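Enquirer: quick one, what's the 3D model for this:
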Amino acid sequence: MFNSFDIIFTFCNKINVFYSYVASSCRLVFAFYIQIGLFILTISLALVDTSAWPEAFFWVTMAVAVCFNTVNGIYQSCIYGIGAKFARMRYTNAITLGFSFSGSIASMFLIVSLLLSPHPRTVAVLYFTFATVFMAVCLVNEYLVRRNVSLFL
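Expert: Sure thing, here's the model as predicted:
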C-alpha cells in the first residue's frame, strides 16, 4: 500500500517539475479553463436525476472536489508567484485578503440563489452558473490585464 503512495507522490513531483518550466501566466489561464469546465460538469450533474445511482454520484462528486482543490492550489501558487515578483513582496497581504474575500463572494452567490428559488436543484444550478460566469469574467480580465488593455479607452 505504501508503495502506491510513493508512486503517486513521485508522479506529482514530476508534474511539479514540468510546471516549473511553464510560465505562471499560462498555468493561471489553464487553471481558469479547468475550473470553468469543472463548474460546467457540476451544473450538468445538478441537472441529471441521480437518484438511481447515489453511490456513483457521490464518488463523481468527490473526484470533482479533488480536481477543484488541485486546480485551486495551482491557481493560488501562480497568484502568489506573480505577486512575489513585485517589490519586496508588499502585495502578499493583499493577495491573501483577496482569496479571503472570495469566500464572501461565494456566500453572496448562495444568498442570491436562495432568494431566486427555494428548490434545491434550482439553487445548485444558479449557484454554479453564477460561479461559472464569474470565472469567465475573471478569465477575460486576465487576458485584458496581460494585454494591458483598458475597457475605458
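Enquirer: what sits up against stretch 54-62?
Expert: Applying Cβ atoms under 8 Å, 6 or more residues apart in numbering, the contact partners of stretch 54-62 are Leu45, Thr50. Placement of C-beta: from N, CA and C, glycine included.
Enquirer: quick one, longest helix in the protein?
Expert: Criterion DSSP state H: the longest helix present in the chain is helix 54-84.
Enquirer: what pLDDT, on average, does the helix or strand following that one get?
Expert: Once helix 54-84 ends, the next helix or strand along the chain (criterion: DSSP states H and E) is helix 92-116. Here helix 92-116 scores 86 as its mean pLDDT.
Enquirer: and the angle from helix 92-116 to helix 54-84?
Expert: For helix 92-116 against helix 54-84, the angle by axes from the mean of the first three to the mean of the last three Cα atoms, to 10 degrees is 140 degrees.
Enquirer: helices or strands up against helix 92-116?
Expert: Applying 3 or more Cβ pairs under 8 Å, 6 or more residues apart in numbering; DSSP states H and E, we find helix 92-116 packed against helix 54-84, helix 120-147.
Enquirer: of all those, which one is nearest Leu28?
Expert: Ranking the helices and strands packed on helix 92-116 by proximity to Leu28 (Cβ to Cβ) places helix 54-84 first, at 4.4 Å.
Enquirer: can you mark which positions in the closest one are buried?
Expert: For helix 54-84, the neighbour count (16 or more other Cβ atoms under 10 Å) marks Val71, Asn72, Ile74, Tyr75, Ser77, Cys78, Ile79, Tyr80, Gly83 as buried.
Enquirer: ditto for stretch 136-146
Expert: Using 16+ other Cβ under 10 Å as the test for burial, stretch 136-146 gives Leu139.
Enquirer: what's the answer for stretch 123-134, then?
Expert: Val123, Ala124, Val125, Leu126, Tyr127, Phe128, Thr129, Phe130, Ala131, Thr132, Phe134.
Enquirer: just for this structure, where's the confidence low?
Expert: 1-22, 88-89, 149-153 (pLDDT under 70).
Enquirer: which strands or helices does the helix or strand in which Leu38 is found pack on?
Expert: Here Leu38 sits within helix 24-47, counting by DSSP H and E. Judged by 3+ Cβ pairs under 8 Å, 6+ apart, the packing partners of helix 24-47 are helix 54-84, helix 120-147.
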